[in-house]
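Trainee: pasted the sequence and its predicted model underneath.
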Number of protein chains: 4
Amino acid sequence: MYSFVNDYSETAHPAVLQALVDTNMEQSAGYGADEHCENAKNYIRQKIHCPTADVHFLSGGTQTNILAAAAFLRPVEAIISAETGHIYGHECGSIEESGHKILAEQTPDGKLTVAHLEHARLLNQEEYCPVPKMVYISNSTELGTVYNKAELQELYAYCKAHDMIFFIDGARMGSALACTDLSFEDYPQLCDAFYIGGTKNGAFMGEAMVIVKEELKQDFRRHMKQRGAMLAKGKVLGVQFEALFKENLFMELANHANHCMDILREGIGELGYDFLCESPSNQIFPIFPVEVLERLNQKYAVLDYQDMGDGKRCVRMVTSWATLEEQCHNFVADLKAYSK
Amino acid sequence: MYSFVNDYSETAHPAVLQALVDTNMEQSAGYGADEHCENAKNYIRQKIHCPTADVHFLSGGTQTNILAAAAFLRPVEAIISAETGHIYGHECGSIEESGHKILAEQTPDGKLTVAHLEHARLLNQEEYCPVPKMVYISNSTELGTVYNKAELQELYAYCKAHDMIFFIDGARMGSALACTDLSFEDYPQLCDAFYIGGTKNGAFMGEAMVIVKEELKQDFRRHMKQRGAMLAKGKVLGVQFEALFKENLFMELANHANHCMDILREGIGELGYDFLCESPSNQIFPIFPVEVLERLNQKYAVLDYQDMGDGKRCVRMVTSWATLEEQCHNFVADLKAYSK
Amino acid sequence: MYSFVNDYSETAHPAVLQALVDTNMEQSAGYGADEHCENAKNYIRQKIHCPTADVHFLSGGTQTNILAAAAFLRPVEAIISAETGHIYGHECGSIEESGHKILAEQTPDGKLTVAHLEHARLLNQEEYCPVPKMVYISNSTELGTVYNKAELQELYAYCKAHDMIFFIDGARMGSALACTDLSFEDYPQLCDAFYIGGTKNGAFMGEAMVIVKEELKQDFRRHMKQRGAMLAKGKVLGVQFEALFKENLFMELANHANHCMDILREGIGELGYDFLCESPSNQIFPIFPVEVLERLNQKYAVLDYQDMGDGKRCVRMVTSWATLEEQCHNFVADLKAYSK
Amino acid sequence: MYSFVNDYSETAHPAVLQALVDTNMEQSAGYGADEHCENAKNYIRQKIHCPTADVHFLSGGTQTNILAAAAFLRPVEAIISAETGHIYGHECGSIEESGHKILAEQTPDGKLTVAHLEHARLLNQEEYCPVPKMVYISNSTELGTVYNKAELQELYAYCKAHDMIFFIDGARMGSALACTDLSFEDYPQLCDAFYIGGTKNGAFMGEAMVIVKEELKQDFRRHMKQRGAMLAKGKVLGVQFEALFKENLFMELANHANHCMDILREGIGELGYDFLCESPSNQIFPIFPVEVLERLNQKYAVLDYQDMGDGKRCVRMVTSWATLEEQCHNFVADLKAYSK
């Protein structure tokens, strides 16, 4: 059985793990005050062309999103998100637990537009409504779709015009970079804060929160400590990001994931199957007849996503740095065989 | 420079790291639903002789303490702790952030007694006071002191008599087990929930929350998810605890830490130096003249703890699984030389 | 200018105010421990035929709803509500601030059905979703519609079958009682907790929270204190509810409000105007051509609710214990004149 | 039985109640947007010589204190208070529920000094401590003691030097003004925000929060709404403060309370009894032999405060706008008789 269920099945890229082995017996300062964290922060600041950015290493995406809400917002301030946004439906009410309402907008493809922001803002003008203060998007999105540069510019311009914070969840930022006109150095120009996802791109865990906007930087490490997000051995995060960003490993891994997905997407498409939506990144949502799916399921694990009626189901397939290219070809070949 | 500053300077015991390397490319279920987590839970349940306990793996002590407060308590319920308790002075107000007041009791040695519980309980009888509902202790404590079996029995009896939850922070549980009459299988008899600290005893991170009391078990994984405490690759925690508990590694490492500290404690004591309090575990708080300390500081890093007046300072010294026995002997020899 | 904007424009029914004057110089115990609160609680317990209910007097509806969430729920537990529910769109994110997600269901008429509960429950089965634990409805609803006895029975049966708490917001409970087959003594049989709204039915402020289910009663007064909801002079709430419930004043006032609304509803309907939905209580949402509305607005204040297109607007009109019957007739007469 | 137990036994000064009666049937805008609130705000702004202050009417002291914490502070920010401060021991953990730690300082008389602020600040320098950001005092204090102008100036200077917010709880501000060198117009010069207590000085409920510092003003009404602190009939608060501040009623009532207390304090003192501390305001804490107290208790209610040993107890006695001067003389005469 080979799994295309998600991009966090394997532990870590061997080079990342080796870096951990190599530094194992060093006596380091605790809580991320070590040289590996410092190096990794500098590599990232160089990569994004933003020497003034604050960089903080965290353990996971939900934790990072909670911290954005907790550190950036006051109690009456709310977050605009797509209804498919990870914070709305997949984080167990963590944002609400931190005291903030999510103003969820329905979208066809998981992407917010200026029209959504305007809708949410106008709906919450009255004093008995929370203040729409932060816009949350994921790039790539939970549906595998991506925002390009022009789209992010438009959203950010709207945010600035209406005194909103623009925050980008980059759990799958690598994959987005690998299939759009965006590059690392664009991000500090396109939002107030974002995170670079390591967990889904080579690290065994780790997200790098990057805070660009000056007003959002204050006391962030205390917020981390207060939410239980500061590891005693912060070094283990620094070492991983050092390995990913010292040279070009991060993007090599993202390119590999996307390349594998291209094989799947094209192969499936050529056999005439539809997709829930068009997604150029490392996630796709193809629609298969139940009989075909049952045969596939004997050799490949995929995530059951949605009943489409008429004996068809939509599934989610994901590739990663660890995906075996050969298995992608195998899948397409098998699908072709089952489709006859 | 050799560091006795804390017990989290080095990354992980080589056997723990090797286990991670060995399982690296396995495709595992996410969020701790993998077989390594399952194995590790079973090893722990066997070790504590409690097949019905719920075991959850978390990333750090503050996170674990927050979850105990969040999952076990209702908003009006408060926690009794020593004023030196980690949750009171070292976690950036995280318990208060989660909505709960800490009723801090002053102690000479970091240990709560029934008299403290009675004091806190009687002080909070009125309707305008929160309900003292949980008792928090650390064993070993933040001052290196330890509770023995009879002391824990007495505290737990009081808790049960007054409908309080008894929770033991085991960040340094290994060291306590290695120097008291307590054994693993006593813990489920002595409290409602506790955690086994991995970060300070061989893991690069990881605490195992053990919930004994039935009523406290409900929805704990959702609480974890909600607080950002559920790792996508939960496997990395399971693999580590598997390595620590499959056989006897956990206690071997704790014994080593205590053995190293015995060398330091006895050597320092024989030279006639006082300690802030008597502590049999892997933390000591010796008091040195400033001149002596300055010379020590050229070769050894220790944590400056408190000015004692009269040109003397109290420092904290900590040993761990990684401490080099030779360096302990070196320290004593150097101290002897400086003390002439 | 005569206002039909809401049912809280005037201060208090004269008999209620007189009770306050009559008891003004009594020296009473603070925080609701006085005899007037005690009397009022007993009157209510008698009226609802439930001697074991806990009754607490609060200052307003939002405060009462916050307390229901805070006292009844644990952090990971969520509330199912209609999207038009007061807690979802009109309380500034107060429920989310208290840490709980609202699972909002779309309805045509502001009323939840078992199908909605089932939908919300099934959508939140996964561990990364909060637990749907409380069902919130208002009766009468925010759209003036009402639940009858059979409907409440069905909802409550579903709640009990799925271990959910059923809570009824009774900000306009008087008006609902006055136009359905429900009576006071039905309520304890139909839900776990509810509140009786005084602010909109004769009191200058005051809601009586009634907790029927035993498990929900614990520490409620401490929750009140903790949320700033316990008045030093709790007596002012007790005195008002004493006046409202000693005899039959509460229902007399509700009947008056509904009677006045009957005049408006029938008059408007006979002139051929449509309503947003059918509402038998003291709120209606008629739809007028803009030209007619502009003329009405010169003499009557109503709440602009929604643009209906085609030059028509929907407005909200509300009557209360204080509404002058004559003004209702005037309105109908004027509308008739403007409609020609 | 005559009660000196507290200053909230009677309902409201007759003139305040009459104002409510006089305005009863007016149709007013809801939520404090009425003309009475507007008038009352202007009267207060004039009285304090601060036309730019924001004034908000709230229902009680605990609610007001919660709002100060919730609206003024970010999650990692803590409040410095005397251990006797109302927020620390008498509000059921409400500040902690709102997410903020209280850094409690021990004092002999309930009054903070710069030395206390410095102590708390230095104790919380580390990253694992919350940021001491707000200083909370009550004037008069919970022990009846008062701060004079020079003392407040010194505290405020310290706050400004260390970027802290200075907030004064004025539940008994009237009594403090009536026995110090402070006047209304001093307050905006001496702190960032304060509240004027109505509940204990003539109103049946109501506190006027006054926000002086510009940065603290934002969205305060939304915070009120979110915490359930915005009354539908906000008018009932405006009408009361209008009555208290239109002319000089507020200070007349405070002067009366203090005058009555002067009779008690002097009479008790002349009979040779000690007090817990010297308190010039409307609260005293005399110490009586148990036998004397038992006889007093047959005619007068006082609050039992503390066992002093040696057969003596300390009690709290409070006077208010409603206290009968004659009863004060009676008390002293009876005490004299019992003391022989």
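Mentor: Nice, thanks for sending it over. Numbers count the residues shown, from 1 in each chain, chains lettered A, B, ... in the order given.
Trainee: surely A:S175 is in a helix?
Mentor: Yes: counting by DSSP: H, G, I helix; E, B strand; the rest coil, A:S175 is part of a helix.
Trainee: burial of it, as a residue count?
Mentor: 32 (other C-beta atoms under 10 Å in any protein chain shown). Any C-beta I mention is one placed from the backbone N, CA and C, and that applies to glycine too.
Trainee: for the one 3 residues further on, same thing?
Mentor: The number of residues packed around A:A178, counting by other C-beta under 10 Å, is 25.
Trainee: contact partners for it?
Mentor: Counting by C-beta atoms under 8 Å, 6 or more residues apart in numbering or on different chains, A:A178 touches A:251, A:254-255, A:257-258, A:281.
Trainee: what's the closest of those residues to C:V55?
Mentor: Lowest distance from C:V55 to the contacts of A:A178 (C-beta to C-beta) belongs to A:S281, with 57.1 Å.
Trainee: give the contact list for that closest one.
Mentor: A:140, A:144-146, A:172, A:175-176, A:178-179, A:258, A:261.
Trainee: go on, A:G174?
Mentor: Taking C-beta under 8 Å, 6+ apart as the test, what A:G174 contacts is A:196-197, A:200-201, A:250-251, A:253-254, A:257.
Trainee: could you export those to a markdown table, including columns for secondary structure, distance to B:H86 and neighbour count?
Mentor: A markdown table is the format used below for those (DSSP: H, G, I helix; E, B strand; the rest coil; distance: C-beta to C-beta, whole Å; neighbours: other C-beta atoms under 10 Å in any protein chain shown):
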| residue | secondary structure | distance to B:H86 | neighbour count |
| --- | --- | --- | --- |
| A:I196 | strand | 31 | 28 |
| A:G197 | strand | 31 | 28 |
| A:K200 | coil | 33 | 26 |
| A:N201 | coil | 34 | 30 |
| A:F250 | helix | 36 | 29 |
| A:M251 | helix | 41 | 18 |
| A:L253 | helix | 38 | 25 |
| A:A254 | helix | 40 | 26 |
| A:A257 | helix | 41 | 28 |
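Trainee: identify the residue nearest the residue nearest the centre of chain A in space, chain neighbours excluded?
Mentor: In chain A, the C-alpha nearest the mean C-alpha coordinate belongs to A:A171, at 2.0 Å (C-alpha atoms, centre = their mean). Using C-beta to C-beta, 6 or more residues apart in numbering or on different chains and skipping residues adjacent in sequence, the residue nearest A:A171 is A:G197, 4.0 Å away.
Trainee: so what's the one you found bridging to?
Mentor: Beta-bridge partners recorded for A:G197 (DSSP bridges): A:E207.
Trainee: how far away is it from A:V55?
Mentor: To A:V55, A:G197 is 14 Å away according to C-beta to C-beta, to the nearest Å.
Trainee: closest to chain D out of the contacts of A:S281?
Mentor: A:R172 (28.3 Å; C-beta to the nearest C-beta).
Trainee: list the contacts of that closest one.
Mentor: A:R172 makes contacts with A:7, A:138-140, A:197, A:200-201, A:281-283, as judged by C-beta under 8 Å, 6+ apart.
Trainee: my guess is A:T107 contacts A:A82. True?
Mentor: Yes: with contacts counted by C-beta atoms under 8 Å, A:T107 reaches A:A82, the gap being 4.8 Å.
Trainee: between those two, what contacts are shared?
Mentor: A:H116.
Trainee: which one of these two is surrounded by more residues?
Mentor: With neighbours defined as other C-beta under 10 Å, A:T107 and A:A82 compare such that A:A82 has more, 25 against 20.
Trainee: ok, now how distant is the more buried one from D:G267?
Mentor: Applying C-beta to C-beta, the value for A:A82 to D:G267 is 72 Å.
Trainee: for A:I263, same thing?
Mentor: 96 Å.
Trainee: hmm, stretch A:316-326 touching chain B?
Mentor: Yes: interface with chain B: stretch A:316-326 contributes A:A322 (C-beta under 8 Å from any C-beta of the partner chain).
Trainee: mind checking if that stretch is in reach of chain C?
Mentor: No: Stretch A:316-326 does not reach chain C (C-beta under 8 Å from any C-beta); its nearest approach is 14.0 Å.
Trainee: name the residues that touch that stretch?
Mentor: A:2, A:4-10, A:13, A:200-202, A:253-254, A:256-261, A:263-264, A:282-286, A:302-303, A:305, A:328, B:25.
Trainee: again, but for stretch A:256-266
Mentor: For stretch A:256-266, using C-beta under 8 Å, 6+ apart, the contacting residues are A:4, A:7, A:174-175, A:178-179, A:201, A:275, A:280-284, A:317-321, A:323-325, A:328-329, A:331-332.
Trainee: next one: it to chain centre, how far?
Mentor: Remark: stretch A:256-266 is offset 18 Å from the chain centroid, using C-alpha atoms, centre = their mean, to the nearest Å.
Trainee: now it: buried residues?
Mentor: A:256-258, A:260-265 (16 or more other C-beta atoms under 10 Å in any protein chain shown).
Trainee: and these, which of them are in helices?
Mentor: Using DSSP state H, the members of those that fall in helices are A:256-258, A:260-265.
Trainee: redo those as CSV? Include pLDDT.
Mentor: What follows is these, written out as CSV (pLDDT from 0 to 100):
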residue, pLDDT
A:H256, 98
A:A257, 98
A:N258, 98
A:C260, 98
A:M261, 98
A:D262, 98
A:I263, 98
A:L264, 98
A:R265, 98
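Trainee: between these, which is nearest D:R227?
Mentor: Nearest to D:R227 among those: A:A257, at 46.5 Å, using C-beta to C-beta.
Trainee: for the stretch 51-200 of chain A, what lies in contact range of chain B?
Mentor: A:59-67, A:91-94, A:97, A:199-200.
Trainee: mind checking the end-to-end distance for stretch A:5-18?
Mentor: 26 Å (C-alpha to C-alpha, to the nearest Å).
Trainee: and the contacts of that stretch?
Mentor: Stretch A:5-18 has contacts (C-beta under 8 Å, 6+ apart) with A:3, A:20, A:172, A:199-204, A:240, A:243-244, A:249, A:253, A:257, A:282, A:301-303, A:316, A:318-322, B:20-21, B:23-30, B:232-233, B:235-236.
Trainee: roughly how far is it from the heart of the chain?
Mentor: 16 Å.
Trainee: buried residues in it, which are they?
Mentor: Buried residues in stretch A:5-18 (16+ other C-beta under 10 Å): A:5-13, A:15-17.
Trainee: tell me which two of the residues you listed sit farthest apart.
Mentor: Going by C-beta to C-beta, the pair spanning the buried residues of stretch A:5-18 furthest: A:V5 and A:A15, at 24.1 Å.
Trainee: identify the farthest-apart pair in the contacts of A:R172.
Mentor: Spanning the widest gap among the contacts of A:R172 are A:D7 and A:N139, at 15.1 Å by C-beta to C-beta.
Trainee: any idea how far chain C is from the residue of the stretch 51-200 of chain A found nearest chain D?
Mentor: In the stretch 51-200 of chain A, the residue that lies nearest chain D is A:V76 (4.2 Å; C-beta to the nearest C-beta). Distance, A:V76 to chain C, by C-beta to the nearest C-beta, to the nearest Å: 6 Å.
Trainee: nearest residue to that residue other than its sequence neighbours?
Mentor: Once flanking residues are discounted, A:V76 sits nearest to D:R222: 4.2 Å by C-beta to C-beta, 6+ apart.
Trainee: looks to me like the one you found is in a helix.
Mentor: Yes: applying three-state DSSP, one finds D:R222 inside a helix.
Trainee: so it makes contact with A:P130?
Mentor: Yes: applying C-beta under 8 Å as the test, D:R222 and A:P130 come out as touching, 7.0 Å apart.
Trainee: overlap of the contact sets of those two?
Mentor: The contact sets of D:R222 and A:P130 overlap at A:76, C:92 (C-beta under 8 Å, 6+ apart).
Trainee: the two: who's more crowded?
Mentor: A:P130 (28 against 23).
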